[in-house]
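what shape does this take:
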Amino acid sequence: MAKAKGLQIDKLMGALVHMDGSDLHLAVGDRPMIRLHGRMHRLETKVLDPDDMVGFEIDLGIDYQYTEDLLLSAGWAHLFVDDAMEQSWGGNLNDDDIDYLYVEAQLTF
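As a prediction, this is how the structure comes out:
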């Protein structure tokens, strides 16, 4: 199981999937949050500390409500990787920062 020091990311991702959430937000000094149908919900877990994190991310995104039932989102993110990333994921990753683009369509029934 992937573990970032004191944080079990697999359990948090499992909660995200189980709750049908779209985003998992982690911040030092706060409990993990899940975006569920456009609203943020705090999970009943411990408050995160610096040892729980594998880096930090900055992102820029935009949402466009195309129709009442269709939300389109796009964005860019940059992950500043910490040394914990290599330790947490079995040493298969290097410590290079990661950039990625995303496009998402959310259809509400």
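
buried set for whichever helix or strand residue 14 is part of?
Here residue 14 sits within helix 9-18, counting by DSSP states H and E. Across helix 9-18, burial judged by 16 or more other C-beta atoms under 10 Å covers 9, 15, 16. (C-beta placed from N, C-alpha, C; glycine too.)

which residue, other than its chain neighbours, is closest to the second one?
To tie it back to what came earlier, the one meant is residue 15. residue 43 (6.2 Å; C-beta to C-beta, 6 or more residues apart in numbering).

next SSE downstream of the helix or strand bottoming out on mean pLDDT in the chain?
Across the helices and strands of the chain, the lowest-confidence element by mean pLDDT, DSSP states H and E is helix 83-88, at a mean of 53. The helix or strand immediately downstream of helix 83-88 is strand 98-107, counting by DSSP H and E.

quick one: average pLDDT of that next one?
For strand 98-107, mean pLDDT rounds to 90.

cool, stretch 24-31 as well?
86.

kindly report the same for stretch 8-16.
The average pLDDT within stretch 8-16 is 82.

who does the residue most central in space within the chain bridge with?
Nearest to the centroid of the C-alpha atoms of the chain, with distances taken as C-alpha atoms, centre = their mean, sits residue 24, at 3.7 Å. Beta bridges link residue 24 to residue 34 when assigned by DSSP bridges.

how much space between it and residue 13?
Distance of residue 24 to residue 13, given as C-beta to C-beta, to the nearest Å: 7 Å.

now swap in residue 27 and tell me
17 Å.

now do stretch 58-68: everything it contacts.
71, 72, 73, 74, 75, 76, 77, 78, 80, 102, 108 (C-beta atoms under 8 Å, 6 or more residues apart in numbering).
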